[in-house]
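Undergrad: task: produce atomic coordinates for the following.
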Amino acid sequence: MVAFELIVDAPVDLEITGKFAAPSPDWIHLSRILLDYELIVMTEGVLYLAGDTTYFTVSKGEYLLLPPYTKQFGYKSSNCSFYWLHFKAQEGLTVTDITDTGHTIKPAENRLLLPQYGTVKSLEKIIVMMKQLQDSVRAYNQKTLNNYMTTVILCELYNQVFQSEHSPLRKTKQEQLYNDIVDYIKWSRSEHIKVSQIAAYFGYNEKYLSHLFSTISGIPLKQYILQQKMELAKFLLSDTNQNISEVSLQLGYKDCHNFMKSFKKIVGLTPTDFRNAYAKRLLFYE
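TA: Below you'll find the predicted structure:
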């Protein structure tokens, strides 16, 4: 797999960013030569995009990074939406095979090694950060701030990809159970999840499961469930036009006031204040 090493001892230079939504199911990406890096993070549908002679199929939850001087063109109709940003960076090595033992997975502190294509571990977190960058562009348009925020997004992406694809496999039964619980919670965030429900699903004692989880993660299981619900809430508030009641229902809350109270406790802002703080989304059609 191709990967790009970016030198980030200084922040990268943001050129432009936005969110794209296909204007029709028949939309096909334009043909052009890139003058800088483009990062695409998919939020809905499938994007059929070629870079030189490589044809990519990029689905929701996946990203694509194309380098400068790439001939980019759509090769099929793509009914999709995605966040994107163009940036310039000082490039180190271009690794043609990230599994090659001659190249280390962990670059130096001032370098990021990003595979050209991959799956993000937390799509909602990346989207919220992209939205915050767009809010900064609209509200301040201050180059230094925008450059640092773009660099932070790339660092977050590197850590998500590195942790999800290249971290050593957990070997113990307890650690595997912990991973299974984490996955179960992420898939069930739109439900009213209880610790007793999780314990019953995995066939363990509720007290034992709670102790195991807090020992490995450092936080109580109930707290983790709440945090994951609020991560999804932040995504819905920043990337959709659903009202507070609709977001509350989607997260499994029967009482909207309980949702607002929980959100304020975890995030430090009310849902309305959070939405208003990052309301300046950039929507572009290419």
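
Undergrad: how about the nearest residue to residue 74 once chain neighbours are set aside, secondary structure?
TA: Using CB to CB, 6 or more residues apart in numbering and skipping residues adjacent in sequence, the residue nearest residue 74 is residue 29, 3.1 Å away. In short, each C-beta sits where N, CA and C put it, glycine included. Under DSSP: H, G, I helix; E, B strand; the rest coil, residue 29 falls in the coil class.

Undergrad: wait, doesn't residue 29 sit right on residue 49?
TA: Yes. Using CB atoms under 8 Å, residue 29 is in contact with residue 49, at 5.3 Å.

Undergrad: burial count for the residue nearest to residue 74?
TA: Neighbour count for residue 29, taken as other CB atoms under 10 Å: 21.

Undergrad: who are the contact partners of it?
TA: Each residue near residue 29 by CB atoms under 8 Å, 6 or more residues apart in numbering is listed here: 47, 48, 49, 72, 73, 74, 78, 286.

Undergrad: which parts of the stretch 101-250 of the chain are strands?
TA: 111-115, 117-119 (DSSP state E, counting those that start in this stretch).

Undergrad: next, format those strands as CSV and append mean pLDDT, mean neighbour count and distance to residue 212.
TA: Formatted as CSV, the strands of the stretch 101-250 of the chain follow (pLDDT from 0 to 100; neighbours: other CB atoms under 10 Å; distance: least, CB to CB, whole Å):
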stretch, mean pLDDT, mean neighbour count, distance to residue 212
strand 111-115, 88, 21, 33
strand 117-119, 92, 19, 27
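
Undergrad: can you give the domain ranges for this protein?
TA: 3-166, 173-277 (automatic domain parsing).

Undergrad: the longest strand along the chain pairs with which strands, and in what direction?
TA: Longest strand in the chain, counting residues (DSSP state E): strand 37-51. Using DSSP bridges, strand 37-51 pairs in its sheet with strand 54-59 (antiparallel), strand 62-66 (antiparallel), strand 71-74 (antiparallel), strand 80-88 (antiparallel).

Undergrad: out of those strands, the one nearest residue 207 is which?
TA: Each of the strands paired with strand 37-51 has some distance to residue 207 by CB to CB; the shortest is strand 62-66, at 38.8 Å.

Undergrad: ok, residues contacting that closest one?
TA: 4, 34, 37-42, 47, 49, 51, 56, 58, 72, 114-120, 126, 157.

Undergrad: among the residues you listed, name the buried ones.
TA: Buried subset of those (neighbour count, 16 or more other CB atoms under 10 Å): 4, 37-42, 47, 49, 51, 56, 58, 72, 114-120, 126, 157.

Undergrad: where does pLDDT dip in the stretch 151-286 of the chain?
TA: The stretch 151-286 of the chain contains residues with pLDDT under 70 at 163-171, 281-286.

Undergrad: re the thing from before, so how far is residue 79 from the residue nearest to residue 74?
TA: 12 Å (CB to CB, to the nearest Å).

Undergrad: just the helices in the stretch 151-286 of the chain please.
TA: Taking DSSP state H, counting those that start in this stretch to define them, one finds helices in the stretch 151-286 of the chain at 173-187, 195-202, 206-217, 221-239, 244-250, 256-267, 271-277.

Undergrad: hey, which of those helices is tucked in deepest?
TA: helix 221-239 (a mean of 20; mean count of other CB atoms under 10 Å).

Undergrad: give me the distance between that helix and the centre of its chain.
TA: The chain centroid and the centroid of helix 221-239 are separated by 14 Å, computed with CA atoms, centre = their mean, to the nearest Å.

Undergrad: now stretch 130-138
TA: How far stretch 130-138 lies from its chain's middle: 15 Å, per CA atoms, centre = their mean.

Undergrad: avg pLDDT for it?
TA: Summarised as a single mean, pLDDT over stretch 130-138 is 91.

Undergrad: which positions within it qualify as buried?
TA: 130, 131, 132, 133, 134, 135, 136, 137.

Undergrad: same check on stretch 73-89?
TA: In stretch 73-89, counting by 16+ other CB under 10 Å, buried: 73, 74, 78, 80, 81, 82, 83, 84, 85, 86, 87, 89.

Undergrad: in CSV, list the contacts of residue 29 along with distance to residue 183.
TA: Listed next are those as CSV, based on distance: CB to CB, whole Å:
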residue, distance to residue 183
47, 26
48, 29
49, 29
72, 34
73, 37
74, 33
78, 29
286, 35
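
Undergrad: among those, which two are most distant?
TA: Farthest pair in the contacts of residue 29, by CB to CB: 48 and 286, 14.1 Å.

Undergrad: more crowded one of the two?
TA: residue 48 (17 against 12).
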